[in-house]
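>>> Take this sequence and fold it.
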Amino acid sequence: MSWWDIAGSDKFTKISPEYIKGASAGIIVADLTRRNSIENIPVHSELLISVNPYMNIFVALNKSDLVENTKEYMELAENSSKGRNVKLILTTSAKDGLNVEDLFTKLCRSIYEENEK
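Numbers count the residues shown, from 1 in each chain. A predicted model of the protein is given here:
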């Protein structure tokens, strides 16, 4: 299994297809302190499924430790993710570890279950 951090850079669309082709799952990390990061979830998910239509996508709404009310952002992410292979959206915090282990556990479980079919 390979892990790639393509960082949402300007070169994302140019380099990512080669990294995405054989992936079973992917994580889109959005920054809760930057609304446009959440608004771009559909762009990133469309790119992922255009290259790999069977990929399971997980969304981490990160930096929850810096935002008081994440409900609005969760709703925005859920609405923009419909019909895009998004299996799970979680608020996370890399700083305090909130839901990080849970995200990876669920991602690994989804890969395992797909391989058991």
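>>> Show me which helix or strand of this protein is least confident by mean pLDDT.
Using mean pLDDT, DSSP states H and E, helix 12-20 stands out as the lowest-scoring helix or strand of the chain, at a mean of 64.
>>> how deep is Glu68 tucked in, by neighbour count?
Counted with other Cβ atoms under 10 Å, residues neighbouring Glu68 total 5. Every residue, glycine included, has its C-beta placed from N, CA and C.
>>> same deal with the one 10 residues further on?
The burial metric for Glu78, expressed as a neighbour count using other Cβ under 10 Å, is 13.
>>> Could you pull up the contacting residues of the most centrally placed residue in the chain?
The chain has Ile28 as the residue nearest its centroid, 2.3 Å off, counting by Cα atoms, centre = their mean. Residues near Ile28 by Cβ atoms under 8 Å, 6 or more residues apart in numbering: 41, 44-45, 48, 57-60.
>>> distance between the ends of stretch 77-95?
Stretch 77-95 has an end-to-end distance of 21 Å (criterion: Cα to Cα, to the nearest Å).
>>> quick one, strands of the chain?
Listed in chain order, the strands of the chain (DSSP state E) span residues 25-31, 56-62, 86-91.
>>> Can you tell me which of the contacts of Ile28 has the most neighbours?
Using other Cβ under 10 Å as the neighbour test, these are led by Val59, with 28 neighbours.
>>> What sits closest to that one if chain neighbours are left out?
Counting by Cβ to Cβ, 6 or more residues apart in numbering, Ile89 is the residue found nearest to Val59 once chain neighbours are left out, at 4.3 Å.
>>> next one: Pro42
Nearest to Pro42 is Ser80, by Cβ to Cβ, 6+ apart, at 4.9 Å.
>>> okay, now that neighbour: neighbour count?
Neighbourhood size, Ser80 [other Cβ under 10 Å]: 19.
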